[in-house]
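Trainee: Turn this into a model:
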Amino acid sequence: MKKKKAVVGMSGGVDSSVAAYLLKEQGYEVIGVTMQIWQDEDELSLEENGGCCGLSAVEDARRVAAQLQIPYYVMNFKKVFKEKVMDYFTEEYLCGRTPNPCIACNRYVKWEALLSRCMDIGADYIATGHYARIMRLRGGRYTLAQSVTAEKDQTYALYNLTQEQLAHTLMPVGDYSKDEIRRIAEQIGLRVAHKPDSQEICFVPDHDYAGFIERTSGQRIEEGNFVNRDGKILGKHRGIIHYTIGQRKGLNLSMGHPVFVTGIRPETNEVVIGESKELFGRVVRARNVNFMSVPGLDGSVRAMAKIRYNHRGDTCLVEMEDEDTIRCTFDEPVRAATPGQALVIYRDGCVLGGGTII
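Mentor: Sure, this is the predicted structure:
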């Protein structure tokens, strides 16, 4: 019987490296691929010492592939990464929203573009080192089940995957804890066994989001007014791209007590300042909805939802507000639901669906 062919997206980190090893052990014909996403060599050189797709990633992945005795290739995805991730990131900030570029990268680069190219070369699956588990439900739909360890669960950033993408995806590390994955890497002698996880946005390694946006957009970001919710001017801000909902640090306002960003108004170039209590609300809406474990909602359902990656999740009532807008009414108020971030809904430990917070 012919072996199934799996192309593993290798970042040079321990998770994707062990994913490749586990699939080979399970009998797959494994091919390693690293996606080249950088726009020029100068930007790439900034990233030599970290991240998921830079020079060090390529060299580490190449060494792992050689050790596992699997073919390895670097594929160029610069154009789609710029359009779907970098340009999206810049445009969202300029519109006063706070984007999640990893979600866009997962859907349009790591899956849509990579899967298409891999299918063209005869692969049956693509595989990653994400901490999530793919399940096929009784009705035939695919969904993502949360990882065995909540602290490493990565389903939030994967809610936007389609049924076709899930049907051709393998995620072998979702059944393990991070410590177990590192132990496997140690046991088989991988040099990346204790390589630290990448934390930053890969194309902004210096964390200077505003500088990146100004350079890539070619726009001069204008200063504007800090205002309270009634419109009273409180001071000057450096430009809306420097702020996000819930932010307290870096405001340089002398109010005599802690204050927070509670709103961003791009149409008037204002940043709204308020008290901590103003950040809490029970109703969160999201658009551009992708349903996963169900084809859609008919009526309302009780569920658990997360409004950011590190949110533990809270119980809520979910219903459709219109054909492309879901409304979550949480049992208890949630803090700083941020336009541009994802609202991801879970039921019975699986991803029901999600959308972009408005």
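
Trainee: With F226 as the reference, measure out to the closest residue in space to I37 that isn't next to it in sequence.
Mentor: Excluding the flanking residues, the one nearest I37 by C-beta to C-beta, 6 or more residues apart in numbering is F81, at 3.9 Å. The C-beta positions use only the backbone N, C-alpha and C, and glycine is treated the same way. In this view, F81 and F226 are 35 Å apart by C-beta to C-beta, to the nearest Å.

Trainee: More neighbours: those two, which one.
Mentor: F81 (26 against 21; other C-beta atoms under 10 Å).

Trainee: wait, what's in contact with that one?
Mentor: 35, 37, 105, 109 (C-beta atoms under 8 Å, 6 or more residues apart in numbering).

Trainee: Narrow those to those in strands?
Mentor: Counting by DSSP state E, the contacts of F81 place M35 in strands.

Trainee: and the contacts of F81, which are buried?
Mentor: 35, 37, 105, 109 (16 or more other C-beta atoms under 10 Å).

Trainee: check contacts around the first one.
Mentor: Same thing as M35. Applying C-beta under 8 Å, 6+ apart, the residues contacting M35 are 9, 53, 74-75, 77, 81, 109-110, 114.

Trainee: Tell me how many other residues crowd R282.
Mentor: A count of neighbours around R282, defined by other C-beta under 10 Å, yields 15.

Trainee: per-residue pLDDT, it?
Mentor: pLDDT, R282: 98.

Trainee: helix or strand for it, which one?
Mentor: strand 280-291 (DSSP states H and E).

Trainee: after that strand, next one along is what?
Mentor: By DSSP H and E, the next helix or strand past strand 280-291 is strand 300-306.

Trainee: Give me the buried positions along that following strand.
Mentor: By 16+ other C-beta under 10 Å, the buried positions in strand 300-306 come out as 303-306.

Trainee: again with stretch 252-266
Mentor: 259-264.

Trainee: Equivalent analysis for stretch 121-133, please.
Mentor: Neighbour-count burial for stretch 121-133, with 16+ other C-beta under 10 Å as criterion, is recorded at 123-133.

Trainee: Kindly report the same for stretch 265-281.
Mentor: By neighbour count on 16+ other C-beta under 10 Å, the buried set for stretch 265-281 is 269-273, 278-279.

Trainee: export those to CSV and tack on distance to D87?
Mentor: Formatted as CSV, the buried residues of stretch 265-281 follow (distance: C-beta to C-beta, whole Å):
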residue, distance to D87
N269, 22
E270, 25
V271, 24
V272, 27
I273, 30
E278, 32
L279, 30
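
Trainee: right, and out of those residues, which lies closest to S254?
Mentor: I273 (11.9 Å; C-beta to C-beta).

Trainee: beta partners of that closest one?
Mentor: V261 (DSSP bridges).

Trainee: Contacts for stretch 144-158 next, please.
Mentor: Contacts for stretch 144-158 (C-beta under 8 Å, 6+ apart): 100, 102-103, 106, 130-135, 159, 161, 166, 174-178, 292, 306, 308-309, 342, 344, 346, 349-351.

Trainee: could you redo the last one with a cut-off of 6 Å?
Mentor: Stretch 144-158 is contacted from outside by 102-103, 106, 130-133, 135, 174-175, 177-178, 306, 309, 344, 349-351, using C-beta atoms under 6 Å, 6 or more residues apart in numbering.

Trainee: Going by neighbour count, which of those are buried?
Mentor: Counted by 16+ other C-beta under 10 Å, the contacts of stretch 144-158 give 102-103, 106, 130-133, 174, 178, 306, 344, 350-351 as buried.

Trainee: Tabulate these (CSV), appending secondary structure, distance to L94 and pLDDT.
Mentor: What follows is those, written out as CSV (DSSP: H, G, I helix; E, B strand; the rest coil; distance: C-beta to C-beta, whole Å; pLDDT from 0 to 100):
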residue, secondary structure, distance to L94, pLDDT
C102, helix, 19, 92
I103, helix, 18, 94
N106, helix, 23, 93
H130, coil, 30, 96
Y131, coil, 33, 96
A132, strand, 32, 97
R133, strand, 37, 97
G174, helix, 36, 95
K178, helix, 36, 94
K306, strand, 26, 98
V344, strand, 25, 98
C350, strand, 35, 96
V351, strand, 30, 98
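
Trainee: what about I345, neighbour count?
Mentor: For I345, using other C-beta under 10 Å, the count is 28.

Trainee: What distance do you get for the residue nearest to S177 when sequence neighbours are not counted to G174?
Mentor: Closest residue to S177 apart from its sequence neighbours, by C-beta to C-beta, 6+ apart: T149 at 4.5 Å. Distance of T149 to G174, given as C-beta to C-beta: 9 Å.

Trainee: now the stretch 151-300 of the chain, which segments are flagged as low pLDDT?
Mentor: 199 (pLDDT under 70).
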